[in-house]
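S.K.: next input, structure requested:
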Amino acid sequence: MALNLRKMRNFGIVAHIDSGKTTCSERILYYTGKKHKIGEVHDGASTTDWMKEEAERGITITAAAVFANWRDTYLNLIDTPGHVDFTAEVERSCRVLDGAVVVFCAVAGVQAQSETVWRQANKYSVPRLVFVNKMDRGGANFDRVVGQVRERLAGNPVPIQMPWGQGDEFKGLIDLVLMKAYTYEGDNGEDQIEHEIPAELKAEAEKRRGEMIDAIASHCGDDAIESAYLENGTLTNDQIMDGLRAGCMTFKLQPMLGGSALRNKGVQKLLDAVVDILPCPLDANPIKQFEIDDTLKATPFPTKCDPAAPLRAMVFKIMNMPAIGDVSFVRVYQGTIKEGDQLVCQPSGKAERASRMIKLVGAAPHKIEDSPAGDICALVGLKGTQTGDTLVHATDNKPMVLEGISFAKPVITMAIEPKSNADKEKMAYALQRLEREDPTFKKWTDPETSQLIIAGMGELHLEVLSHRIRDEYKVEAVVGKPKVSYRETITKSIEIRGKHVKQSGGRGQYGDCILEIRPLTTEEKQAGNEFIWEDAVRGGTVPKEYRPAIEEGVRAALQRGYIAGFPCINVHVKLIDGSYHDVDSSQEAFIAAGQLAIREAFPKLGMVLLEPWMMVEVETPDQFTGTIMGSLNSKRAMINETLDRGVNKIIRCEVPLGEMFGYTTDLRSMSQGRASYSMEPSEYKPVPQSMVEKLAKKG
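M.R.: Prediction:
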């Protein structure tokens, strides 16, 4: 496939949920001729929301890649989710895109997930345009969104259009570069009609054009354009576009447009801006590659967007799609992938084959034969790849790996089990597939409760995945909260004897040990110990071959606990003496002796029930700080400090894990979705006495 890289744009549409991203994507597919009918999100008929869950819920869950053409330019477009639970889709999309269109609702303005996707675009150095959507809605205010982008996102928005009316009066747009007005006619707004600027708006348009030119000259970073502005007091249209491109590429400004995707107004101008302003693959910021044994990533090499160079391609997304199978979405940074190529997946070294290559429009595949540097394609049937892996040719003498993608760690866990034993294998297979597709989804078996635990980014995330297990893999599952892994410990030191003697005719059983038991010191706990065994027997009172058996019995008894059946931790046990019988002693007898000693010691050791505490960091806009602090206090939190981070407040505290289930949803409702939190294990602390009795009964 011969592609002119100068005539290619790889861009994504990112935004807060319900800002109109998918509606924009539908219009782009329609106006570029990829579709002959517009599918609406509210009807469950949009092209990019092809999954059953997406159609039913009317939201985007998984990033969808499509391709199209506009003004002789080849477009690779990725429509991303807006819900925070699916933020990994935005993360991996930003990683492989050369540019982005950030969509804001003209009424709601900058919202919580708007801030998140803006940060993700900053993280991966993605140039962006701003599109203020829903200009036809009551309460729409273009200028307010401009101010919010500047204040809340620390952006530098430069409007290159002004709205022709707002809300019910929204007629069209005024292009401040061309100084023309545009309306949109036809059944689906396909006819863009050019007008002279109405007389009553002429002065306002001139004023805004002057402000646009001043901002471009001041911030684009191009000395020639700045000099031209200082000499002439203005810029030509060509200089304006050069300045917008330069400023966008260096993140010093963000060109800003408006429209109403649902009412078919302004999308063609947005496409023009994508072609005229966003970078082509040759101009995009080059990604780094590293030698495979460079584990510290200390020596980076730039990639070169050259179809003839050694292959460097990144697998950025894996999906199991109906009627197609395993689909690996790939961004080619260097070299060319051809159908039938023998590939190697790095860093694992697994062999793969590009047996079938496709492009997608929603769920519809279009066969291709090759994909050169700068392109995005999909390979069908790769089995050993993981998200973030690098593909190289099998003949490459010096394969490299590309810098990968970092994903947030899961913040919520639930227990899951199949409704019937017959579904166990099917569920294991389904979870394995979903974990490969989604790097923010994890699964494991809790060694203490034997529950199968799944973890993700929020309740909606896990709900969607559990529905996919049911619908796609035909496994009925029961989902519930996991049990908190409580612990027990000791507070006193004692010396205890455990003597197991049993005579039942023939050979008997004889095991005898004397133990010193004490709590671990702070230093021992800080070193990562939960149990220390010390053999301090002098002489042969207990033969060496029996001493490991005593330790085995001690460990088994501690594991069963005393108060509520939870493992006992932070214990130091010293074997100091004992006795044995030449005939009746055995491994089993000394195991029993060790267990007996611990069981008899428990009532005398000052047993305490412990619960896991988490280090929690909450980031919230200042106006919600009081409410969130109150909610944390109600969860028995210990507030350590509050800090300022830009316009936000940071609350650092310790909270019992058992109080944090469902907190993601609570926090969003308290903060209009604008606060977020992270947590990590801290330490075990005593459970309040009021809870001990309840837990003891359960145990």
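S.K.: would you mind measuring from the residue positioned nearest the centre of the chain to residue 132?
M.R.: The residue lying closest to the centre of the chain (Cα atoms, centre = their mean) is residue 88, at 3.0 Å. According to Cβ to Cβ, to the nearest Å, residue 88 and residue 132 sit 27 Å apart. Glycine gets a C-beta too; all of them are placed from N, C-alpha and C.
S.K.: name the helix or strand of this structure that has the lowest mean pLDDT.
M.R.: In the chain, no helix or strand scores lower on mean pLDDT, DSSP states H and E than helix 52-57, which sits at a mean of 50.
S.K.: following that one, which helix or strand comes up?
M.R.: strand 64-70 (DSSP states H and E).
S.K.: what are the buried residues along that next one?
M.R.: 64-68, 70 (16 or more other Cβ atoms under 10 Å).
S.K.: from these, which is closest to residue 414?
M.R.: residue 64 (26.9 Å; Cβ to Cβ).
S.K.: and the closest one, what's its pLDDT?
M.R.: Confidence at residue 64, expressed as pLDDT, is 66.
S.K.: on that earlier part again, tell me the one among the buried residues of strand 64-70 nearest to residue 168.
M.R.: Looking across those and measuring by Cβ to Cβ, the closest to residue 168 is residue 70, at 30.2 Å.
S.K.: gap between the closest one and residue 271?
M.R.: Applying Cβ to Cβ, the value for residue 70 to residue 271 is 5 Å.
S.K.: picking that back up, helix/strand/coil for the residue nearest to the centre of the chain?
M.R.: Secondary structure, DSSP: H, G, I helix; E, B strand; the rest coil: residue 88 is helix.
S.K.: which regions of the stretch 151-300 of the chain lie under the pLDDT threshold?
M.R.: Along the stretch 151-300 of the chain, no part satisfies pLDDT under 70.
S.K.: my read: residue 456 touches residue 443, true?
M.R.: No - using Cβ atoms under 8 Å as the test, residue 456 is too far from residue 443 to be in contact (9.8 Å).
S.K.: picking that back up, can you lay out the buried residues of strand 64-70 as TSV showing distance to residue 94?
M.R.: Shown next, in TSV, are the buried residues of strand 64-70 (distance: Cβ to Cβ, whole Å):
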residue	distance to residue 94
64	15
65	14
66	17
67	19
68	20
70	22
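S.K.: show me where the stretch 1-150 of the chain has strands.
M.R.: 8-15, 64-70, 73-79, 99-105, 128-133 (DSSP state E, counting those that start in this stretch).
S.K.: can you add distance to residue 140 and give those back as CSV?
M.R.: CSV is the format used below for these (distance: least, Cβ to Cβ, whole Å):
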stretch, distance to residue 140
strand 8-15, 16
strand 64-70, 26
strand 73-79, 23
strand 99-105, 8
strand 128-133, 8
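S.K.: could you tell me the least trusted of these?
M.R.: Least confident of the strands of the stretch 1-150 of the chain, judged by mean pLDDT, is strand 64-70 with a mean of 84.
S.K.: counting by contacts, list what that one packs against.
M.R.: Strand 64-70 makes packing contacts with helix 21-31, strand 73-79, helix 267-277, strand 356-361, strand 376-380 when contacts are defined by 3 or more Cβ pairs under 8 Å, 6 or more residues apart in numbering; DSSP states H and E.
S.K.: so which of the ones you listed is the most packed in?
M.R.: helix 21-31 (a mean of 26; mean count of other Cβ atoms under 10 Å).
S.K.: average model confidence for that one?
M.R.: Mean predicted lDDT for helix 21-31 stands at 87.
S.K.: check the offset of the lengthiest strand in the chain from the chain's centre.
M.R.: Of all segments of type strand in the chain, defined using DSSP state E, the longest is strand 608-621. Centroid displacement of strand 608-621 relative to its chain, using Cα atoms, centre = their mean, to the nearest Å, is 21 Å.
S.K.: if you count neighbours, what's buried in it?
M.R.: 608-614, 616, 618-621.
S.K.: name the helix or strand for residue 182, please.
M.R.: Using DSSP H and E, residue 182 sits within strand 180-185.
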